[in-house]
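Chemist: 3D model of this:
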Amino acid sequence: MSDDALIALAQHRFGQADREGATHEDCRQLRDIFPALLQRLREKVELTRDLVSIEYVDLRDPKDWERLAAAANKNEPDDQLQLALTHL
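Modeler: Predicted coordinates for the structure are as follows:
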């Protein structure tokens, strides 16, 4: 089942269980789909866990300042447009 189909089914089952006059069967159907949702979420988390890594920088630490300054002063080409704020 695709992610979109699983989400749509879960949303439908949630709507059925959350409505006025919902039955025990509605709640059971919602509960039955929950393990599949959790498994899919686990898979997505594992796939994306290492895509973004935020580096901790303590601005009170002089070594972190030096490291940031060294990285900023590197003149490696990065194919990015450069903007110079100089008077013409």
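
Chemist: going forward, measure contacts between C-alpha atoms and count neighbours the same way
Modeler: OK.

Chemist: Where in the protein is the helix or strand with the lowest mean pLDDT?
Modeler: In the chain, no helix or strand scores lower on mean pLDDT, DSSP states H and E than helix 62-73, which sits at a mean of 84.

Chemist: Give the other helices and strands that that helix contacts.
Modeler: Based on contacts counted as 3 or more C-alpha pairs under 8 Å, 6 or more residues apart in numbering; DSSP states H and E, there is no element that helix 62-73 packs against.

Chemist: which residues touch it?
Modeler: Helix 62-73 has contacts (C-alpha atoms under 8 Å, 6 or more residues apart in numbering) with 57, 58, 59.

Chemist: Out of those, grab the one that's most surrounded.
Modeler: With neighbours taken as other C-alpha atoms under 10 Å, the top of these is residue 57, carrying 12 neighbours.

Chemist: The residue nearest to it when sequence neighbours are not counted and residue 56: what is the separation?
Modeler: Spatial nearest neighbour of residue 57, excluding adjacent residues (C-alpha to C-alpha, 6 or more residues apart in numbering): residue 64 at 6.3 Å. Per C-alpha to C-alpha, to the nearest Å, residue 64 is found 9 Å from residue 56.

Chemist: more neighbours, the two?
Modeler: Per other C-alpha under 10 Å, whichever of residue 64 and residue 56 has more neighbours is residue 64, with 14 against 7.

Chemist: where's the residue nearest the centre of the chain relative to residue 41, distance?
Modeler: The centroid of the chain falls nearest to residue 48 when counting by C-alpha atoms, centre = their mean (7.3 Å). Separation of residue 48 from residue 41 (C-alpha to C-alpha): 11 Å.

Chemist: what about stretch 5-22, average pLDDT?
Modeler: The pLDDT scores in stretch 5-22 average 92.

Chemist: in that stretch, what counts as buried?
Modeler: 10, 13, 14, 16, 17 (16 or more other C-alpha atoms under 10 Å).
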